[in-house]
Each structure stands twice: as C-alpha cells, then as structure tokens.
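Asks: here are the coordinates; sequence isn't available:
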C-alpha cells in the first residue's frame with residue numbers, strides 16, 4: 001500500500017475529511033507509538049509502513065513507560081483535538097497499520113507493549 005492509499009483508508013475509517021487532519025492524526029499516533037515501543041520492534045514496524053508514515057517512527061531516546069490513557073492524551077495534544085476525537089483517529093491509524101502486518105508481526109507488536117495497551121487495538125471506528 002502506498003502512502004496515498006494509507007491515508008485515504010485512515011480518513012475513511014476515522015471519518016476524517018480534511019487531508020491535513022489525517023496527516024496530523026498519522027503523525028501524532030505514530031510519534032506517540034514510537035515513544036513507547038522497543039527499538040527493534042520500532043524498526044520492524046517502520047519497514048512495513050509507507051516511507052512517509054515510517055518517518056514518524058523515529059526517536060532519539062529510550063522508550064518511555066506511560067499508560068494507555070497518557071498515550072491518547074499525547075495523541076490529543078499533538079493533533080490539537082479533544083481526547084475522544086484523538087482516540088478515534090488513533091484507532092483508525094492503528095487499524096490501517098495492522099493491515100500492513102502479518103498476524104505474527106501484529107502479535108509481536110502487541111506483545112512488545114504493556115498489557116494495558118490492548119485498548120489501542122480495540123478498533124471501534
């Protein structure tokens with residue numbers, strides 16, 4: 001899937017109309033995910049995404065430990081929308097990310113995160 005297809009699908013799933021809002025949701029979600037994923041998992045995920053999306057999976061420090069609530073709060077702050085909107089958009093982004101992965105790769109991604117992060121993968125969009 002190329003980047004245009006990637007963001008169009010996110011827009012449909014997240015019910016996001018403006019291209020700049022879709023791009024902001026992708027950036028906010030992936031940058032936040034990058035802050036909490038171990039480096040090896042982060043690199044494997046980046047290899048599976050379009051280059052334009054993978055560039056948001058970079059970080060300059062060790063992964064952080066924070067709650068899933070903090071995850072959605074950070075996405076909200078980065079994307080400049082209220083937390084419920086940010087949560088819906090993050091789910092849309094992650095559901096499309098999931099499509100880029102094999103079942104094993106997706107399970108590896110989920111297992112690299114704390115158990116409470118299961119909420120990230122409850123796609124309610």
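Replies: Sure, I can see it. A quick note: this is a predicted structure, and the numbers were derived from the prediction, not measured.

Asks: can you list the weak-confidence ranges in the protein?
Replies: 123-125 (pLDDT under 70).

Asks: go again using 90 as the cut-off
Replies: By pLDDT under 90, the low-scoring segments of the chain are 38-40, 58-62, 109, 111-125.

Asks: need the helices for it, in chain order.
Replies: Under the criterion DSSP state H, the chain contains helices at 3-14, 19-36, 39-48, 51-54, 68-79, 83-99, 103-111.

Asks: Can you lay out the ones you listed as a markdown table showing mean neighbour count and distance to residue 60?
Replies: C-betas here are computed from N, CA, C, even on glycine. Output for the helices of the chain, formatted as a markdown table (neighbours: other Cβ atoms under 10 Å; distance: least, Cβ to Cβ, whole Å):
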| stretch | mean neighbour count | distance to residue 60 |
| --- | --- | --- |
| helix 3-14 | 18 | 24 |
| helix 19-36 | 21 | 10 |
| helix 39-48 | 16 | 11 |
| helix 51-54 | 16 | 16 |
| helix 68-79 | 19 | 16 |
| helix 83-99 | 21 | 22 |
| helix 103-111 | 13 | 21 |
